[in-house]
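> Generate a structure from the sequence data that follows.
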Amino acid sequence: MDIILLIIVSFGASWLTFFCGFGLGTMLTPVFYLMFKDVTLAIAATAIVHFLNNVFKFLLMKRSVNWNVAIPFGLAAIPAAFIGAFLATKIDNQIIHEYVLGGRDMQIDLLNFVFGLILIGFALIELIPAWSIAFSKKSLWLGGLISGFFGGLSGHQGALRTAFLIKFNLKKEVFIATGIMVALVIDVVRTSVYATSFDYGAISESWLLILASLIAALVGAITGKVFLKKIKLEMLNLVVAIAMLVFGVTLAGGILN
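Numbering: from 1, shown residues only. Got it, this is the predicted structure:
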């Protein structure tokens, strides 16, 4: 039953992530934790699936990458992701509030709270026309620094990257492909730092579950590309904005930890 849940979540999260650019890692980590009962192993397994899925998505979409956007964004993200990932191995996240929701003990930690508020702000800017702002290409380095740093620090790099890229009014294929390229760069940096603390013995014992998750995620990515042709840009922008709002609220509220 556990492996069925893993496959469903891997497929569904990968399909959704193909469009909105974030969510796979956040959805997969809790499922792996339920199966392994080990946070470090769950993070390691998620990182493997996330990285290889991004490699595959890049191969699917590489012809649509806007390199004029991806290069400055990615170059700024590289050192920021390294610093964030390094700090993640050194600091302890602070719990700022605890409460009970539906009989379940919830915890709000400082990093997710701050990250969630930032996401809510970006989502509202996108959803409320009067608040709309446009970024110039000179601000690409800022987007790279912020998304790279948070990506390394907490693993939630996709939502902030998407929040910046969506403001450049790229074609839907270009928007998705460019986001995948940047995500892959950040994944390479942060995974190389995380790898120093991986328990490779435990990972090798769980290879079958990781493989099942990866295959399901790859199928989700393929399905996402097929559906991409049927989705209009305006609908894609709306889906992304709503996803950022929901993601931000659940993170800030301690629901997704």
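> Let me know the next secondary structure element after the helix or strand harbouring P30.
For P30, the element it lies in under DSSP states H and E is helix 24-36. Sequence order places helix 39-61 as the next helix or strand after helix 24-36, per DSSP H and E.
> Show the subsequent helix or strand relative to that next one.
Toward the C-terminus, helix 39-61 is succeeded by helix 67-88 as the next helix or strand (DSSP H and E).
> In terms of secondary structure, what does that following helix contact?
helix 140-154, helix 157-165, helix 172-194 (3 or more CB pairs under 8 Å, 6 or more residues apart in numbering; DSSP states H and E). C-betas here are computed from N, CA, C, even on glycine.
> Output the contacting helices and strands for the shortest one.
It stands for helix 157-165. Counting by 3+ CB pairs under 8 Å, 6+ apart, helix 157-165 packs on helix 2-20, helix 67-88, helix 110-127, helix 140-154, helix 172-194, helix 233-252.
> buried sites along the third one?
The neighbour-count check on helix 110-127 (16 or more other CB atoms under 10 Å) flags 111-113, 115-116, 118-120, 122-123, 125-126 as buried.
> how far away is the residue lying farthest from the centre of the chain from I95?
Most distant from the centre of the chain: G103, at 28.4 Å, with distances by CA atoms, centre = their mean. Distance from G103 to I95, counting by CB to CB, to the nearest Å: 19 Å.
> same thing with V114?
Taken as CB to CB, the span from V114 to I95 is 13 Å.
> Over to A77?
28 Å.
> Compare these two and say which is more crowded by neighbours.
Using other CB atoms under 10 Å, the more surrounded residue of A77 and I95 is A77, with 31 against 13.
> mind listing what that one touches?
The neighbours of A77, taking CB atoms under 8 Å, 6 or more residues apart in numbering as the test, are 144-145, 147-148, 151, 157, 161, 182, 185-186, 189.
> Now with 10 Å, please.
By CB atoms under 10 Å, 6 or more residues apart in numbering, A77 lies in contact with 70, 84, 140-141, 143-149, 151-152, 157, 161, 182-183, 185-186, 189-190.
> Please apply the same query to L28.
Taking CB under 10 Å, 6+ apart, we find L28 in contact with 6, 9-10, 13-14, 42-43, 45-47, 49-50, 53, 213, 217.
> thinking again about what came up before, what about the helices and strands packed on helix 157-165, which gets the closest to T223?
Evaluated over the helices and strands packed on helix 157-165, closeness to T223 peaks at helix 2-20, with 5.4 Å, by CB to CB.
> Now do that closest one: which elements does it pack against?
helix 24-36, helix 39-61, helix 157-165, helix 172-194, helix 207-228, helix 233-252 (3 or more CB pairs under 10 Å, 6 or more residues apart in numbering; DSSP states H and E).
> mind listing what's buried in it?
Judged by neighbour count using 16+ other CB under 10 Å, the buried positions of helix 2-20 are 6-7, 9-20.
> right, and out of the residues you listed, which lies closest to L165?
Using CB to CB, the buried residues of helix 2-20 come closest to L165 at C20, 11.2 Å.
> for the residue nearest to that closest one when sequence neighbours are not counted, what are its contacts?
Once flanking residues are discounted, C20 sits nearest to A243: 4.3 Å by CB to CB, 6 or more residues apart in numbering. By CB under 10 Å, 6+ apart, A243 lies in contact with 16-17, 19-23, 119, 123, 159, 162.
> related to what we said a few turns ago, ok, the buried residues of helix 110-127 vs S64, which is closest?
Lowest distance from S64 to the buried residues of helix 110-127 (CB to CB) belongs to E126, with 21.7 Å.
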